[in-house]
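> Mind folding the following:
(2 chains)
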Amino acid sequence: MSESVIVPGVKVEGKISGNADVRVAGEVYGEIIIGDSSLDITTEGKVESEIEQEGNNESNIKAKNINIAGNCTGKLEAKELVQISSTGKTKGELKTPCLSIEKGAIFSGRIEMPDGDSPSSYQTAELSNEEDSSPQNKIYEEDETENTVIYESSEENNEETYSEENDIIV
Amino acid sequence: MSDQKEALIVKGTIIEGKISGSAPVRVEGVVSGNIEMDNTLIIAIDGRTDAQIEADKVLIEGSHSGNIRAKELIQIAPTGVVKADIHAPEISLEKGGVFSGNIDMSSIE
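Below you'll find the model as predicted:
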């Protein structure tokens, strides 16, 4: 698998783009626009992008999947999935059809999950939470203050976290 | 020991801006801007760089334009194509390599 790696000790200031996966274990200040590829921010990795920008709503960290185990600040947009693991710290905006925040993660900012035309995993999550019939957004608004989403079953972080065997406790 | 691990820009990745640091870097993709590092830089055969470079050692197997200052060595491989002014105490241009520009071999403090 072709993956670019910014190792610890290396800093990139500017824009990373293209069609290869990118793993950040060092530092990136600027934009990462890799629409159809995966972005992996390791526990030592740091990605910092603008979050305060008057009149500019463009996402500056865009990928197919974004996995955050380190530090990430910016306006994130994923085509499929954003995963923030227990060591992850994220600040800014998230736009994604599917999201997972592990217990212990730190998040501050806004989350936008579009409805309609969602992948099936998104719809299953809505059904499995019988107490709360309101849109997915509400669950995460409450979770912002608690900073956790608790999953009954596996600690493994994969797309199946939205399958039927998981209860999302709000 | 993490500095020993090589940063890798694979073919398909484009970096515009500045790359800096103390780890070795290997470029198989495209870099435009500046590269300032305290280690070895390798521009591999698929690498395309248009950048001002400062490094300890620079090995070019791909295509590069932009001035290079190396503390130790600049080596242009048989597949290398370089259009630049280069400055290093030791320079190697292997048969097959293409170079155009100035060469300065005075020592670098």
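
> Name the residue of chain A that lies nearest to chain B.
A:Gly14 (1.4 Å; CB to the nearest CB). To be clear about C-beta, it is placed using only N, CA and C from the backbone, and glycine gets the same treatment.

> Please name the nearest non-neighbouring residue to that residue.
Using CB to CB, 6 or more residues apart in numbering or on different chains and skipping the chain neighbours, the partner closest in space to A:Gly14 is B:Gly17 (1.4 Å).

> Identify the residues contacting stretch A:31-40?
A:3, A:14-24, A:47, A:49, A:60-67, A:69, A:79, B:13 (CB atoms under 8 Å, 6 or more residues apart in numbering or on different chains).

> where does the chain dip in pLDDT?
Since you didn't name a chain, this refers to chain A. Across chain A, the ranges flagged by pLDDT under 70 are A:1, A:54-55, A:116-170.

> that's the wrong chain, I meant chain B
For chain B, counting by pLDDT under 70, the residues that fall below are B:1-4, B:109.

> Please identify which helix or strand holds the closest residue to chain A within chain B.
As assessed by CB to the nearest CB, chain A sits closest to B:Gly17 within chain B, at 1.4 Å. For B:Gly17, the host element (DSSP states H and E) is strand B:13-21.

> now could you export just the CA positions of that strand as CSV?
In CSV, the C-alpha atoms belonging to strand B:13-21 read as follows (Å, rounded to 0.1, in the frame of the first residue of the first chain):
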residue,chain,number,x,y,z
THR,B,13,1.7,12.8,-3.2
ILE,B,14,2.3,16.4,-3.9
ILE,B,15,3.8,18.8,-1.3
GLU,B,16,3.8,22.5,-1.9
GLY,B,17,5.5,24.5,0.7
LYS,B,18,8.3,23.8,3.1
ILE,B,19,9.7,20.6,4.4
SER,B,20,12.1,20.9,7.3
GLY,B,21,13.5,18.7,10.0
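
> ranges for the strands of chain A?
Remark: strands assigned in chain A by DSSP state E are A:3-6, A:10-18, A:21-24, A:27-41, A:46-48, A:61-68, A:71-84, A:89-95, A:99-101, A:106-112, A:150-151, A:168-169.
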